[in-house]
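> Sequence plus the predicted model coming up.
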Amino acid sequence: MATATVAQQDSAIHEHHEQEHHEHEHHDNFITKYIFTTDHKMIAKQFLITGMFWAIIGGFLSTLFRLQLGFPDMNLEFLRPLLGGWIDEAGKLDPTFYLALVTMHGTIMVFFVLTAGLSGTFSNFLIPLQIGARDMASGFMNLLSYWFFFLSGVIMFISLFLKTGPAGGGWVVYPPLSALEQAIPGSGMGMTLWLISMTLFIASSLLGGINYVTTVINLRTKGMSFSRLPLTIWAFFLTAVIGILSFPVLFAAALLLVFDRSFGTSFYLSDIYVAGEALPNTGGSPVLYQHLFWFLGHPEVYIVLLPALGITSEVIATNSRKPIFGYKAMVVSLLGITVLSFIVWAHHMFVSGMNPFLGSIFMFLTLIIAVPSAVKVFNYLATLWRGNLIFTPGMLFSIGLVSFFISGGLTGVFLGNSAIDIQLHDTYFVVAHFHLVMGSASFFGLMAGVYHWFPKMFGRMMDAKLGYIHFWLTFVGVYMVFFPMHYIGIAGFPRRYYSWTNYEFTNMYTDLNMFVSVAAFITFAAQAIFLFNFFYSMYRGRKATLNPWSSNTLEWTTPLHPGHGNWPGEIPTVYRWPYDYSKPGAAEDFIPQTVPLSQTPESNLPHEQEQVKLELEIMKEEAELLVANGSKH
Amino acid sequence: MYGFLIGVGVLLLLSVIWMVYRIQTLVSVVKGSDKKLETTSNKVNAFLFIVFLVGTGVLMTWYSIKEFDNYQLPVASEHGVITDELFWITMAVTGVVFLITHILLFVFPYKYQYKEGRKASFYPDNHKLEIIWTAVPGVVLAGLVISGWLAWSDITAPAPEKAHVVEIMGYQFAWEVRYPGKDNVLGDYDYRLINASNSHGIDFTDKNATDDFPSPKVVIPKGEPVLFKIRARDVLHSVFAPHMRLKMDAVPGMPTRFWFIPTKTTAEMRAELKDPEFEYEIACTEICGRGHFSMRKIIEVVEPAEYQKWMAEQKSFVQQNPAIAQGQKVEVKEIAGIEKSERNK
């Protein structure tokens, strides 16, 4: 209802622009347009800019601990103005703060950048535009979703500056470490703020997710059946479903942790003697927390990854000038991944002390999930095959994503096998695995999306050449950072280690660690090219054309700067799937979804001839209805 | 002064880059090349994929071969040989897939780069192909899973009766080792009994505890089953013995276990590696706080006869400090008393 009113107002404004100038002003003041906006496009931009802010913070934290790992003997005195007491008298990074850095890097990247920054941006931006809706089902919930996220970020940001440091028990915050201030100072106020922040984040995620699902189900335009949805929308839709089902479990886990920390319960605590004192807690189980955490934690991987895969599908098809290969197989794979993502969580816990029989079950389930993932890769390859490829920066990042998805996915076959995982668990092999398959792949999806939809977001083009430089530096850089980690992982180097010199078996590869660190600094610095390109192009980039990539989907039928309500007139009707690229017989190498089949007899396939009849019948009925309505007036 | 000069230099460099960038943009607008699709950039990008493929391929192959002996840790347990074999089989299978998919992924962009006047094939699906590439990974993965499952079942099966028991307890930030003594049964413990002289919290009212003895390192016999009984005193830890291919979390309140058969004594390994300093090590692999990276413990694998001799030489907790057992009985009674009175309420 609300969206319809907005649209009416918009068109009214267009018609009586002069007379109703006052109302126009009222409708679009600074606060309602840029801050507490209900326009999905502006909310998407808010998520994007906030996500970028967090990516810079998260990336910067990683350069700090890479400094420690690559150059353990370096005097870090020059960081004192920034880190203060966390640099000790000898100019060394404090080991507790090192753990805090690792923890915050993980939390920020997983939740703030790749969940909120990716899903928040592109689900918000693309769902209404690509399904043909005026806005989200509830603009107000959407507004709340962003501001809960913002508040959650503010609290996490504050926790970085606490005297006792932010949470430091790893991004998984396993109790008892995260429950006991005596065990690590970060588990005091830092952990409290972490829990508050994550609670707000979960609220934000749920508000967003419910909105996405509702919008996709209810607000599709005429003709936009589920089988004609772009794969982006399928991915966002299923991501939202996963989020809705799994985030509440994280909330439960966090709530019980709050009870254990503050109200003396023993859900996760038992038989603990710490800091010279036996605690009264008995009967709890730390493994319970791990089950609850990974019940979100594993689906979270797919929450991060699926939107990136959706974006890639769209970008690769458009720039290959070819339909995505095996649309149905892609949808079925997404569905398969969605369902399976909920029943593989305990593969993170093969050596946690849980029953080994459970380990066997989860090993079988985990390796099943590799099948739909493999199908997706083969389908991407088949889409490139005999295409006519245009290497826009978005396309480059999409190909990069597929490469990371393969490299990181294959190492998952090792880790999902519990017998092999005994040795590899919690080593750098795992770090290499998930940074490629989840971190870098999703980050590349985010980048592909930004480059591809920037013209729709800001009406201007990003500079392509700077995009190419950014891509090649980042693509090579990411591999130089994470590929060597496989070697040190196979050698058994454990994760979250401040230094390697205490053990004989890890007292090597200083050269390789140095190389990784330098590669990390260069890769991080290369992101400045993107930031410059982004903000410069926003104001000074070349004006975009309406459909710069000659794409089929609906968002390119809106004006250059779509107002609130997206289409000035009626919402377009959809007559075909979004992947009619290079159709034999057609004059152009693309046919937008809004072109009726009846208008393209030269390129229709045999089975589409049937649909033409149906289409003409419906159009006739509608015309009659329109006449009937007209005569009533 | 240097800082100022560097600042000026950076500023100059940035402005030069900026000028070049602007000129380049303006030229492309004037020439109208921004409207073209078959551009030099497109060709360069396509070519760079091939450069990347060859470059990283060579780098990876060279480094993997050169460093093989460094990253491949020597293995010293029976099940470790099996899991290593599984690892390398998986490496071969995934390696082939890795190479084929990446060659296709980077050759296609080169081969099918944009050409004016060519049209891409309209090729939306092929059921046969899709069934094949769903079924083949399915079958291959099934093979890998089943072999992994068989190994896993053996590794996690109950330890043989005669296995030598060693208790390893993790705490911030070290491990403590306890042997069950002649009876091969560890005495009971209770975390509430822990104090300065009884760091394990051993309950000396239990008869099995009387011959338990501590050890500064883990000493185990070669070729005989060894059972690690693992527990933690404060937070989660994880026992990781890389050469034994052994890892198991230490969980407060939930004892865990891992059994294995060591295959090489420390002396044999020293000879094999030509490293007289070599030691088997235990590290912690579950984040546990400030000293997580420094929880080193040494495992010494010896010949069975030597092991028996070493066992006989060890002094039990009670022999080392007769007072702990004495004093504790009172405490235990007290605790029992408290529990009783609580129950009566």
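In hand now; what should we look at? Bear in mind the structure is a predicted one, so any value in this text is a computation, not a measurement.
> rest of the way, CA atoms for contacts and neighbours
Will do.
> In the helix or strand hosting A:Tyr146, which residues are buried?
In the assignment (DSSP states H and E), A:Tyr146 maps to helix A:139-159. Residues A:139-153, A:155-157, A:159 are the ones in helix A:139-159 that count as buried (16 or more other CA atoms under 10 Å in any protein chain shown).
> quick one, the helix or strand just after that helix and helix A:139-159 angle?
Downstream of helix A:139-159, the next assigned helix or strand under DSSP H and E is helix A:189-218. Inter-element angle recorded for helix A:189-218 and helix A:139-159: 160 degrees (by axes from the mean of the first three to the mean of the last three CA atoms, to 10 degrees).
> what about helix A:189-218, average pLDDT?
The predicted model assigns helix A:189-218 a mean pLDDT of 96.
> go on, stretch A:51-67?
Averaged over stretch A:51-67, pLDDT sits at 96.
> where along chain B do the strands fall?
B:164-171, B:174-179, B:213-215, B:218-221, B:226-232, B:237-241, B:246-250, B:256-260, B:280-284, B:297-302 (DSSP state E).
> who's in contact with the longest one?
I take that to be strand B:164-171. Strand B:164-171 has contacts (CA atoms under 8 Å, 6 or more residues apart in numbering or on different chains) with B:175-180, B:184-186, B:200, B:218, B:220, B:224-235, B:237-238, B:250.
> any idea of the mean pLDDT in it?
Per-residue pLDDT over strand B:164-171 has a mean of 96.
> where does it sit relative to the chain's centre, distance-wise?
Its chain's C-alpha centre and that of strand B:164-171 lie 19 Å apart, by CA atoms, centre = their mean, to the nearest Å.
> ok so, going back, out of the strands of chain B, which is closest to A:Ala623?
Nearest to A:Ala623, of all the strands of chain B, is strand B:246-250, at 70.5 Å by CA to CA.
> what are the pairing partners of that closest one, and which direction each?
Sheet partners assigned to strand B:246-250 using DSSP bridges are listed as strand B:237-241 (antiparallel).
> same for whatever helix or strand A:Trp453 lives in, what does it pack against?
In this structure, A:Trp453 sits in helix A:441-458 according to DSSP H and E. Secondary-structure packing of helix A:441-458 (3 or more CA pairs under 8 Å, 6 or more residues apart in numbering or on different chains; DSSP states H and E): helix A:286-320, helix A:393-415.
> B:Tyr189 and chain A, how far apart?
B:Tyr189 is 11 Å from chain A, where distance means CA to the nearest CA, to the nearest Å.
> what is that residue paired to in the beta sheet?
Legend: beta-bridge partners of B:Tyr189 under DSSP bridges are B:Ile202.
> Count residues in the vicinity of it, would you?
If you count neighbours by other CA atoms under 10 Å in any protein chain shown, B:Tyr189 ends up with 16.
> residues contacting it?
Residues in contact with B:Tyr189, defined by CA under 8 Å, 6+ apart, are B:His200, B:Gly201, B:Ile202, B:Asp203.
> out of these, what pair is the most spread apart?
Greatest spacing in these, by CA to CA: B:His200 and B:Asp203 (9.0 Å).
> so what are the domain limits for the chain?
No chain was given, so I picked chain A. Residue ranges for the domains of chain A, per automatic domain parsing: A:1-33, A:36-540, A:557-632.
> my bad, chain B
If you go by automatic domain parsing, the domain ranges for chain B are B:41-112+B:131-157, B:164-334.
> Relative to A:Phe263, which of those is closest?
A:Phe263 lies closest to domain B:164-334 among those, at 19.1 Å (CA to CA).
> quick revisit: okay, the domains of chain B, which one's buried deepest?
The highest mean neighbour count among the domains of chain B, using mean count of other CA atoms under 10 Å in any protein chain shown, belongs to domain B:164-334: a mean of 20.
> Okay, now the unreliable bits of the stretch 151-300 of chain B?
Applying pLDDT under 70 to the stretch 151-300 of chain B flags no residue at all.
> What average pLDDT does stretch A:537-550 get?
Average pLDDT, stretch A:537-550: 93.
> could I have stretch B:63-70 exported to CSV, CA atoms only?
What follows is stretch B:63-70, C-alpha atoms only, in CSV (Å, rounded to 0.1, in the frame of the first residue of the first chain):
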residue,chain,number,x,y,z
TYR,B,63,57.6,-24.3,-4.9
SER,B,64,55.6,-27.5,-4.2
ILE,B,65,58.5,-29.6,-5.4
LYS,B,66,61.3,-27.6,-3.9
GLU,B,67,59.7,-27.4,-0.5
PHE,B,68,58.2,-30.9,-0.3
ASP,B,69,60.5,-32.1,2.4
ASN,B,70,59.9,-29.0,4.5
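> Thought B:Asp212 was touching B:Asp188, still the case?
No: if you go by CA atoms under 8 Å, B:Asp188 and B:Asp212 don't touch, sitting 10.4 Å apart.
> confidence score at B:Glu342?
Residue-level confidence at B:Glu342 comes out at 42, pLDDT.
> Sorry, slip of the keys, the one I care about is A:Ser11.
So A:Ser11 comes in at 46 (pLDDT).
> A:His291 now?
pLDDT at A:His291 comes out at 96.
> returning to that earlier point: closest one to chain B among the helices and strands packed on helix A:441-458?
Closest approach to chain B among those is made by helix A:393-415 (6.0 Å; CA to the nearest CA).
> tell me the angle the closest one makes with helix A:286-320.
On the basis of the same axes, to 10 degrees, helix A:393-415 is oriented at 140 degrees to helix A:286-320.
> follow-up on the earlier one: mind putting the strands of chain B into a markdown table with distance to A:Thr600?
Output for the strands of chain B, formatted as a markdown table (distance: least, CA to CA, whole Å):
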| stretch | distance to A:Thr600 |
| --- | --- |
| strand B:164-171 | 73 |
| strand B:174-179 | 75 |
| strand B:213-215 | 85 |
| strand B:218-221 | 79 |
| strand B:226-232 | 72 |
| strand B:237-241 | 66 |
| strand B:246-250 | 64 |
| strand B:256-260 | 69 |
| strand B:280-284 | 67 |
| strand B:297-302 | 76 |
